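Q: Here's my sequence, what's the structure:
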Amino acid sequence: MRINSKIWDRLKEVATEQQLPAKFIILREGEVSNNIYFIKKGCLRLCFNNDGKDVTFQFFFEGDAVSSIESFWANQPSMFSLETIEASTILHVSKTDFHRIVTSSVEIKELVEKQIFQRLITYQKLFLSRIKEKPQERYEQLLTHNPDIFNRIPQHYIASYLGITSVSLSRIRNRK
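A: Residues are numbered from 1 along each chain as shown. As a prediction, this is how the structure comes out:
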């Protein structure tokens, strides 16, 4: 979810800022997430282990909020790991503080709800693209909507996100 200035101002009151190196695991698959993270600088990925294979589920950039939502909201073990891709500056806010901020203002609650629905729509589109589109089409969609991603994210993470191998991604890119 992209955070507007009003929410940023409220978050700064309760957030702890952290400088993290690249490839730092913030949350491991199976742990319970007690924080939500807001990215000031850098990029992160949600990933999981599928029978020994590292799979990237989603990328997050400056201004985004990220958590293992099922873990954060339901106090369940996370289905995902959260890892920095490049050196990053994040703010982390505890579940208690985040809940207090959201319930203290109808406007903030509505903004958060809007962002959650936007994220749900993004995930629905991602799910459908994996079923309906060929790898070439998924690549072209990513290139059209997020061209900067190719300058910041290693190719093997992009390939994993697209559901293909690095070799297949190289072939697709070389056709252009």
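Q: Next, the buried residues of the helix or strand bottoming out on mean pLDDT in the chain.
A: The helix or strand of the chain with the poorest confidence is helix 5-14; it has a mean of 76 (mean pLDDT, DSSP states H and E). By neighbour count with 16 or more other Cβ atoms under 10 Å, helix 5-14 contains the buried residues Ile7, Arg10, Leu11. In this view, the C-beta of every residue, glycine as well, is placed from N, C-alpha and C.
Q: Generate a markdown table for those residues, with distance to Tyr37 as supplementary columns.
A: Compiled in a markdown table, the buried residues of helix 5-14 are given as follows (distance: Cβ to Cβ, whole Å):
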| residue | distance to Tyr37 |
| --- | --- |
| Ile7 | 14 |
| Arg10 | 16 |
| Leu11 | 11 |
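Q: wait, which of those is closest to Lys125?
A: Ile7 (24.3 Å; Cβ to Cβ).
Q: who's in contact with that closest one?
A: Ile101, Ile108, Leu111, Val112 (Cβ atoms under 8 Å, 6 or more residues apart in numbering).
Q: any idea how far it lies from Thr103?
A: Between Ile7 and Thr103 the computed distance is 14 Å (Cβ to Cβ, to the nearest Å).
Q: what's the farthest-apart pair in the contacts of Ile7?
A: Ile101 and Leu111 (10.8 Å).
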